[in-house]
Every structure is written in structure tokens, then in C-alpha cells.
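Student: Got a predicted structure here, sequence first:
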Amino acid sequence: MTTDQTNETTPILALDHVTYSYTKGGKKVVNDLSRDFRPGSLTAITGPSGAGKTTVLSLLSGLTCPSEGRVLYDGKDLATLNRYRFRSHDIGVIFQSFNLLPSLTVAENIILSMEASGRKFDRPKREVVADLLRKVRLPIEYANERILHLSGGEQQRVAIARALSYEPRIVLADEPTGNLDMATQDDIMAIFRSLAHEEGKCVIIVTHSPAVAQQSDDLFELKPLRRS
């Protein structure tokens, strides 16, 4: 996707002069951040440890509210919206540690997420699971495999499928390739690019990897705040 194409799209998510401190009047973790995130684009958030990447992820996902400024979803202040509904309907989060339930099968993990969303589906959930497994490049037979039997790369694909199960408009991933070999990393990134470019989703990845950043459309580099 070209820069011109990206700029023509209205932002779906935005940081509007966002500052965050853990305590009122305490030291700032991030300060006066502004950034637009658009449908159809893959953005990498980078920066050294202590730059606030995890905090920005929490702010964008609605888990945390800014101390100052606003996080905007479709132009509306996220703090004034139903943030539980936002997290269960509009944004899919993929965690670095996968957060899958190891005692359940692949299908059970995905269906559990579908049920928790409260969405209504117009076809059997097992059919949705099969389509999601194809999308993340896993054999359909994996639906009945237990998570404990899967490799790290396979678990990451299941985590992506689970995050997509209720058709979110935004996909947010925390170090999604951090524990993967280079070939698997490239394949996972191809999935994310497809979600952005072919399905029009807003995809945001927090990463330390220069290789991942290079495969993104846009780069949002955070810098640690200077301490007095």
C-alpha cells in the first residue's frame, strides 16, 4: 500500500495528545503522543525498553485510559464508550505469550472467544473455525488438536485465528514474532499484511524486530522520556 492510499483513508484509531502516568502527578510513561492508525495499513510500533510500547498497547486496546488527551475510535473518545464492547467486538489482541488454554483443543479455544464476544453468527461456529484455520495457514485437521501438541509458530497462528474469530476491525499484536524462527516470522507477517491489504483491517504490531518493522507500511517509533 502506498503512502497516498493510506492518507486517503479516515483514521479508525488515534492518539490525540496522549499522556499517561501510573499515579496522579507521578512520572510520565508517555507524553503528548499523537498518531493516526488507518484501515488497510500495517503499523509497527518500535522503541527501546522503557519507551512505553506496552503502555501504548494498553491505551489503544482500551485497557487503560490516558491521564491527559484522548484515544479516539472512529472519532469518538474511547473513554466515553463501552470499552468492554470495544475489546470484545472491535479489536482483536494477540499476546506475545499466546494466552491460549492448553487443555482445550484449537477449535475450543477459538469458539470460546467467539462465544465471549456475544456476537451472533449466521453459520455453525465449526465452519467459521475451518475458514480461520485456512486464513492462518493451518490444516483443518488441527481443529481437534490440543494446544499442548503444537509448536510455538502453530500456537501463534491459533492465537491470530482466535483474535479474528469475531471479525474485529482492528488487530493489535504484542511482539507476535518474538519467539519464532525467521521463516515462520516471515509467514506470520504475510498473514498480517494480508489482513491489512486484502481485508482492510487496521493492523498494529508492537515489535523489537527491525525485520518486522521493515515489512510494515508505517513506523511509529517511541523514544524514552528524559528524566530530570
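Tutor: In hand now; what should we look at? All values reported here derive from a predicted model rather than from experimental measurement.

Student: who's in contact with Ala163?
Tutor: Going by CB atoms under 8 Å, 6 or more residues apart in numbering, Ala163 touches 92-94, 113, 171. Glycine gets a C-beta too; all of them are placed from N, C-alpha and C.

Student: from these, which is closest to Leu60?
Tutor: Val93 (9.4 Å; CB to CB).

Student: In which helix or strand does that closest one reside?
Tutor: If you go by DSSP states H and E, Val93 is part of strand 91-94.

Student: Tell me the helices and strands packed up against the very next helix or strand once past that strand.
Tutor: Next along the chain after strand 91-94, taking DSSP H and E as the criterion, comes helix 106-117. Helices and strands touching helix 106-117, by 3 or more CB pairs under 8 Å, 6 or more residues apart in numbering; DSSP states H and E, are helix 125-135, helix 152-164.

Student: State the pair within the contacts of Ala163 that is farthest apart.
Tutor: Using CB to CB, the contacts of Ala163 span at most 13.4 Å, a distance reached by Ser113 and Val171.

Student: Comparing these two, which residue is more hemmed in?
Tutor: Neighbours were counted for Ser113 and for Val171 using other CB atoms under 10 Å; Val171 has more, 24 against 19.

Student: Please verify my assumption that that one contacts Gly200.
Tutor: No: look at Val171 against Gly200 with CB atoms under 8 Å: they stay out of range, at 11.3 Å.

Student: element containing the most centrally placed residue in the chain, please.
Tutor: By CA atoms, centre = their mean, the chain has its centre lying nearest to Leu172, at 1.0 Å. Assigned by DSSP H and E, Leu172 falls within strand 170-174.

Student: That strand packs against which elements?
Tutor: helix 53-60, strand 91-94, helix 152-164, helix 182-197, strand 202-206.

Student: again, 10 Å this time
Tutor: Using 3 or more CB pairs under 10 Å, 6 or more residues apart in numbering; DSSP states H and E, the elements in contact with strand 170-174 are strand 42-46, helix 53-60, strand 91-94, helix 152-164, helix 182-197, strand 202-206.

Student: Any idea which helix or strand in this protein has the lowest mean pLDDT?
Tutor: Lowest mean confidence among the helices and strands of the chain (mean pLDDT, DSSP states H and E): helix 3-7, at a mean of 43.

Student: which is the next helix or strand following that one?
Tutor: Taking DSSP H and E, what comes next after helix 3-7 is strand 13-21.

Student: For Ser113 and Val171, list the residues in contact with both.
Tutor: Counting by CB atoms under 10 Å, 6 or more residues apart in numbering, the contacts common to Ser113 and Val171 are 92, 163-164.

Student: Adding distance to Gly75 as columns, could you present these in a markdown table?
Tutor: Putting the shared contacts of Ser113 and Val171 into a markdown table (distance: CB to CB, whole Å) gives the following:
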| residue | distance to Gly75 |
| --- | --- |
| Gly92 | 21 |
| Ala163 | 24 |
| Leu164 | 24 |
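
Student: wait, isn't Lys53 in contact with Glu175?
Tutor: Yes: the criterion here is CB atoms under 10 Å, and Lys53 meets it with Glu175 at 8.9 Å.

Student: which residues do the two both contact?
Tutor: 206-208.

Student: picking that back up, switch the helices and strands packed on strand 170-174 over to JSON lines; also include mean pLDDT.
Tutor: Shown next, in JSON lines, are those (pLDDT from 0 to 100):
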{"stretch": "strand 42-46", "mean pLDDT": "97"}
{"stretch": "helix 53-60", "mean pLDDT": "94"}
{"stretch": "strand 91-94", "mean pLDDT": "96"}
{"stretch": "helix 152-164", "mean pLDDT": "95"}
{"stretch": "helix 182-197", "mean pLDDT": "94"}
{"stretch": "strand 202-206", "mean pLDDT": "97"}
